[in-house]
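Next comes the sequence, and after it the predicted model I'd like to discuss.
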Amino acid sequence: MSDNMDARLSELERRLARIEAHLDIKLPSSIPEHHGEPKPKPEAKPEVPTETAKSGNWLGVTAIICFILAAGFIIKLAVDSGWLTPPRQIAIAVIFGLTLIMTGLALLRTDKAYAGLLPAAGVIVLYLSVFGAYQYYHLINFPAAIASTSLVSALCIVFYLRIRHDVYAIISAIGAYIAPVLLELDAVSIFSLYYFVFCSLTFATISIWVRSRVFVILAAYLAILVNGVVGFDLGMDILIAVILLLHFLVFSFGTFLYTYYSRTPLTQNESWGFFPVLLLFYALEYYFINRVYPDAAPWISLAFTAVLLGLYLSAKKLFPGRVMNSQSMIIAFITLALFHSVYIEIIPSDLRPWLFAFIVIVFAYLPAYFLTSAKETSVFPLIALFIILGVEYDRMIYHLIADYQTSWLTVSMAAFASIWLLLLRQHEQIVKKDEFGYAILGCAHLLAVTGLYQLTTDHGSLAVSTSWLFYALLVIGIAFARKDKIMAKSALFVLGFAAAKALLYDAASAPTVVRILCLLLTGAVLYGAGFLFRHIAGWKS
């Protein structure tokens, strides 16, 4: 067995030798393995447990709040005691703020996120110092206050370039906007409005470097909210409206510039994060303008809506052939703005009912593919249109029943005609779902019943019944001609009205002759209709 194995191994060696010779493979000389000294492993940085890090962050934020409150009360100390003059208090506050900044910068190498809290607190203290020096103690004039605020804003940006951490930016923004109000530093003033604009410019600029949409959204909420609060008490509506518009432009263009320089469009969550603050801005802006120029308010609202649309279209050009994630949000906001400014404010109340007929006629002449392939972006405009249709339809029915005027009969008949136009032109699309057909026909029949009642009620109960029954037979006749089972069945709605009137009203209270004629006519029509419906039952849906 051993000799056999040796022979096989020798044969394999010979074959390998022939292959190596054929391929001209040179074997490396035997080199002893050299084991060098093992490379030292890099020192592992001590990992900080997640719970410990979170606890440290909470402690740091709490400490920052304490520092800010301390600086604020230093600024107000003269009111309570008077042992330090206002200039000295402002100087102490400035020194305190600079100390916080320098301490934080010195600690950056140890823990950037945690150390960044101190410069954020220092920037807030510097903002408060300028605010208090002008607004609270009147130590500097208005140009000096604006220049000082600009300087602090520039320092805030410079410090961010050194720190480059979101915590610093977020804490600075929250403190800069909210601290003057919470510390009661007479924030209801003209200077505070300009102060907040400089804050918005600062943080919109930082947001581009931060590359964080969350930060610019936060700053936008703070700016709009605080300016709204100040504006309610200041009593200068036009100035407040202008300042709010400046904030809108700052954050809108800031968001666009972020997209332009980073080539990163808004995500869907980020875009919808802007939606509530846009609504808040729209409501506040309209409120303040409407108090002074009520006629111009809706047109101005449409103007800044157009600005927003222009920025969106400009951003879209940066990404050709790509569906923007912010598209649905922009459409939703524009839809709400148009609904309020145009439908509620601009169009006179007596012309709004005509919108029903106009909208339905537009639907009647739309291409079939538009009705069957509605995109997600058309959801909000369609909802707004259906709300308008529902509101105006209810108004027409109400005025035909309870508060009748000839003008309402005219517009109702126009609406009735538009519904039938829609039924005839879009029949193939409507009958795909029975409930759509019944709903649309029901709306037309209710308008017909109430309108015919107002037209014939002065001629007596028999005239009303005759008009209803004639209309029902006309609907059944059209249904027979078109072999439309849904339309034929919908006539039962009108026949039901006629039968109820004959049995509940005519049989009980109408004069004898009228009672007999109404019952005979209704009975004959119902019997004939029943005969027709037996044939209709055999039709295909």
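Yep, it's here. Keep in mind that this is a model prediction, so the values were computed, not measured.

from here on, contacts and neighbour counts on C-alpha atoms
Fine.

Give me the domain ranges for the chain.
With domains defined by automatic domain parsing, the chain comprises 56-187, 230-346, 348-430, 455-541.

hey, which helix or strand in this protein has the poorest pLDDT?
Sorting the helices and strands of the chain by mean pLDDT, DSSP states H and E puts helix 77-80 at the bottom, at a mean of 54.

Could you give me the buried positions within whichever helix or strand comes after that one?
Using DSSP states H and E, the helix or strand that directly follows helix 77-80 along the chain is helix 86-106. Neighbour-count burial for helix 86-106 flags 86, 89-90, 92-94, 96-98, 100-101, 103-105 (criterion: 16 or more other CA atoms under 10 Å).

next one: stretch 361-369
Buried positions in stretch 361-369, judged by neighbour count with 16+ other CA under 10 Å: 361, 363-364.

what sits against the residue nearest the centre of the chain?
Nearest to the geometric centre of the chain sits Phe275, at 3.1 Å (CA atoms, centre = their mean). By CA atoms under 8 Å, 6 or more residues apart in numbering, the contact set of Phe275 is 329, 333.

7 Å - rerun?
Going by CA atoms under 7 Å, 6 or more residues apart in numbering, Phe275 touches Met329.

ok, it to Ala332 distance?
In this view, Phe275 and Ala332 are 9 Å apart by CA to CA, to the nearest Å.

what is the mean pLDDT for stretch 153-160?
Here stretch 153-160 scores 74 as its mean pLDDT.

Would you mark the buried spots in it?
153, 156-157, 159-160.

now what about that stretch, what contacts it?
The contact list for stretch 153-160 (CA under 7 Å, 6+ apart) reads 123, 199, 202, 206.

Can you add distance to Asp394 and give these back as TSV?
Shown next, in TSV, are the contacts of stretch 153-160 (distance: CA to CA, whole Å):
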residue	distance to Asp394
Val123	58
Cys199	49
Thr202	51
Ile206	52
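
For those residues, point out the one with the lowest pLDDT.
Lowest in pLDDT among these is Ile206, which has 75.

Find the helix or strand that the closest residue to it other than its chain neighbours is a member of.
With sequence-adjacent residues excluded and distances taken as CA to CA, 6 or more residues apart in numbering, Ile206 is closest to Ile157, at 6.3 Å. If you go by DSSP H and E, Ile157 is part of helix 142-163.

so how many other residues sit close to Ile430?
Other residues lying near Ile430 total 18 when counted by other CA atoms under 10 Å.

next one: Phe386
Applying other CA under 10 Å, we find 14 residues neighbouring Phe386.

With Ile397 as the reference, measure out to it.
The gap separating Phe386 from Ile397 is 16 Å, by CA to CA.

all helices for the stretch 101-250 of the chain, in order.
Ranges of helices in the stretch 101-250 of the chain, per DSSP state H, counting those that start in this stretch, are 112-115, 117-131, 142-163, 166-182, 190-210, 213-234, 237-262.

same deal with the stretch 351-500 of the chain?
In the stretch 351-500 of the chain, the helices defined using DSSP H, counting those that start in this stretch lie at 354-365, 368-372, 379-401, 406-425, 427-430, 434-456, 461-482, 485-500.

Give me the angle between the helix holding Ile157 and helix 117-131.
If you take axes from the mean of the first three to the mean of the last three CA atoms, to 10 degrees, helix 142-163 sits at 170 degrees to helix 117-131.

Output the below-cut-off pLDDT ranges for the stretch 201-350 of the chain.
For the stretch 201-350 of the chain, applying pLDDT under 70 flags the ranges 210.

what would the helices of the stretch 351-500 of the chain look like in TSV with mean pLDDT?
Below are the helices of the stretch 351-500 of the chain laid out as TSV (pLDDT from 0 to 100):
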stretch	mean pLDDT
helix 354-365	93
helix 368-372	64
helix 379-401	93
helix 406-425	91
helix 427-430	78
helix 434-456	87
helix 461-482	80
helix 485-500	77
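
Dump these to a markdown table, plus distance to Val214.
Below are the helices of the stretch 351-500 of the chain laid out as a markdown table (distance: least, CA to CA, whole Å):
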| stretch | distance to Val214 |
| --- | --- |
| helix 354-365 | 40 |
| helix 368-372 | 37 |
| helix 379-401 | 25 |
| helix 406-425 | 47 |
| helix 427-430 | 44 |
| helix 434-456 | 43 |
| helix 461-482 | 59 |
| helix 485-500 | 53 |
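
Select, out of those helices, the one closest to Ile243.
Distance to Ile243, taken as CA to CA, is lowest for helix 379-401 among those, at 30.0 Å.

which helices and strands sit right next to that closest one?
Applying 3 or more CA pairs under 7 Å, 6 or more residues apart in numbering; DSSP states H and E, one finds that helix 379-401 contacts helix 327-338, helix 406-425, helix 434-456.

Dump the domains of the chain into TSV; add distance to Tyr438 as well.
Listed next are the domains of the chain as TSV, based on distance: least, CA to CA, whole Å:
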stretch	distance to Tyr438
domain 56-187	56
domain 230-346	28
domain 348-430	9
domain 455-541	6
